[in-house]
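Student: Here is the input, now give the coordinates:
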Amino acid sequence: MMKHRLTSLFLALAMFLLPLSAASAQEVPSGPVVNDVGLDLMDNSVHYPQLTGLADETIQTAVNTAIMESGQIEARLNRMAMLLSSPVKLNISYTYTLMGNIFSCAILADGAVENNRATQVWSSVNYDLQTGEALPLASLFADGDAAVAFIETYLNDEVAPELSAHLASGQLTPIPDTFSFSPTGLTLYYDIDDFRTLSDKAGTVTILWGEFPREMLAEKGIAAHLTFAEDAKNTLTAALAGGSFEGIPAVIGQNVAELVDRHALLTDPDLYENSRMIALEDGAFRKVWILTDALREEFDQSVVQGIRADRLNLHGLCTGVTTLDQWREALGEPDATIIVDESQADSWRIVPGTSDYYTLGSYRLRLHADTDGILRSVFLTQ
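Tutor: Numbers count the residues shown, from 1 in each chain. The predicted structure follows:
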């Protein structure tokens, strides 16, 4: 009886939180707003998004209902009520993208989801807020069948060889039904029995839009990240103002131990001049490294001093595609340029070539091209 009363109380509180979140804004929004709804209790938490501000309340209700159903939110709240004294906790979190009329979110259930054994379960919701239609994977592409074939080949040829040494178990194809997308790329979320990392997390794979053939992509606000804006320097300055690359969940100045706890180490840290390069397990960090100090063996006092991305598309900066001449035309002459020979390249763990440095607001952007003038690495530092 007590558990039933607690569950009823949690559900009542969850329904009550939404109008509080919406009412807290100083001004009434003119478009859709994503509100965080959540409960936290004794190290358990259930958080999920709900939309307000849509002109069509029928569509708004449909999307919010889809979130509740896909994320099994009521079941998770019921489950949380049973775990108050359990050593294994339950935490429901989410990420989302709102691009014009497109809403995409992924929900992660982590911990004692079904029993007292810790596991992870992903779910996702993708909607066109103008039509009220759910967006299948094929809708992101001009030719859905060709895109599926491309993704499967990419997973087998590009991703599987990189991950084979770092998986507890892995089966990247067939493509999972659970996915989300953002201005930077498509993320696939796997069942933990199909793709389990060494840290016992359900695997994810992010494929950047710049890695797809351009003619394959449908127009859903994607092109803005693949081409330079007319005011490219100001656009990039604004995009980097928070000290991070969009789509990569790390921020300059952030505590490294926090990142490692959340995303897990992929390999032991590697030396980089007088610093360390840290590779993390999460799919967003594939060919991305966190740069930090080399002074301590532990990370408790270390902070993110820089982010290096060998896979990136950001407002026209597309690794493997953008040329040195193209970025100089868009961004102007750099503050400084260095030629990197083989000896320096080995020390910096990059390929020989040319590095341009730009000061953008509070941060320095280093764009490194190989000897053919193709962008290979992008560094962001303070």
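
Student: In the stretch 201-350 of the chain, where is pLDDT below threshold?
Tutor: Scanning the stretch 201-350 of the chain for pLDDT under 70 picks out 221, 295-297.

Student: hmm, try it at 80
Tutor: For the stretch 201-350 of the chain, residues meeting the criterion pLDDT under 80 lie at 219-225, 272-274, 294-299.

Student: Quick one: the strands in it, in order.
Tutor: In the stretch 201-350 of the chain, strands defined by DSSP state E, counting those that start in this stretch lie at 204-208, 270-272, 275-278, 288-293, 306-309, 313-314, 317-318, 336-340, listed in chain order.

Student: Most tightly packed of the ones you listed?
Tutor: Comparing the strands of the stretch 201-350 of the chain on average neighbours per residue, with mean count of other C-beta atoms under 10 Å, the densest one is strand 313-314 at a mean of 26. Where you see a C-beta, it was placed from the backbone N, CA and C, and this is true even at glycine.

Student: how far does that strand sit from the chain's center?
Tutor: Shown here is strand 313-314, whose average C-alpha point lies 13 Å from the average C-alpha point of the whole chain (C-alpha atoms, centre = their mean, to the nearest Å).

Student: Tell me which strands it pairs with, and in which orientation.
Tutor: Looking at strand 313-314 with DSSP bridges, its partner strands are strand 317-318 (antiparallel).

Student: can you list the residues that contact the partner strand?
Tutor: In this structure, residues lying in contact with strand 317-318 by C-beta atoms under 8 Å, 6 or more residues apart in numbering are 208, 210, 226, 236, 312, 327, 367, 375, 378.

Student: Distance to S86 added to the strands of the stretch 201-350 of the chain, as TSV?
Tutor: Shown next, in TSV, are these (distance: least, C-beta to C-beta, whole Å):
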stretch	distance to S86
strand 204-208	27
strand 270-272	38
strand 275-278	32
strand 288-293	33
strand 306-309	37
strand 313-314	42
strand 317-318	46
strand 336-340	54
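
Student: nearest to T97, of the ones you listed?
Tutor: Of all the strands of the stretch 201-350 of the chain, it is strand 204-208 that lies closest to T97, at 12.5 Å by C-beta to C-beta.

Student: for that closest one, packing partners?
Tutor: Using 3 or more C-beta pairs under 8 Å, 6 or more residues apart in numbering; DSSP states H and E as the contact definition, the elements that strand 204-208 packs against are strand 185-189.

Student: Adjacent strands (with direction) for the strand it packs on?
Tutor: Taking DSSP bridges as the criterion, strand 185-189 sits next to strand 178-181 (antiparallel), strand 204-208 (antiparallel) in its sheet.

Student: distance between the first one and the chain's centre?
Tutor: Looking back up the chat, that one is strand 178-181. Between the centre of strand 178-181 and the centre of its host chain there is 11 Å, according to C-alpha atoms, centre = their mean.

Student: what's the answer for the longest one, then?
Tutor: Taking the mean C-alpha point of strand 204-208 and that of its whole chain, the gap between them comes to 9 Å (C-alpha atoms, centre = their mean).

Student: now it and strand 288-293, what's the angle there?
Tutor: Taking axes from the mean of the first three to the mean of the last three C-alpha atoms, to 10 degrees, one finds that strand 204-208 is oriented at 100 degrees with respect to strand 288-293.

Student: How about the residue nearest in space to the middle of the chain: what's its closest non-neighbour residue?
Tutor: Nearest to the centroid of the C-alpha atoms of the chain, with distances taken as C-alpha atoms, centre = their mean, sits G247, at 4.3 Å. Spatial nearest neighbour of G247, chain neighbours left out: T184 (3.6 Å); criterion: C-beta to C-beta, 6 or more residues apart in numbering.

Student: For the one you found, list the residues it contacts.
Tutor: Taking C-beta under 8 Å, 6+ apart as the criterion, T184 is in contact with 208-209, 225, 246-247, 313-314.
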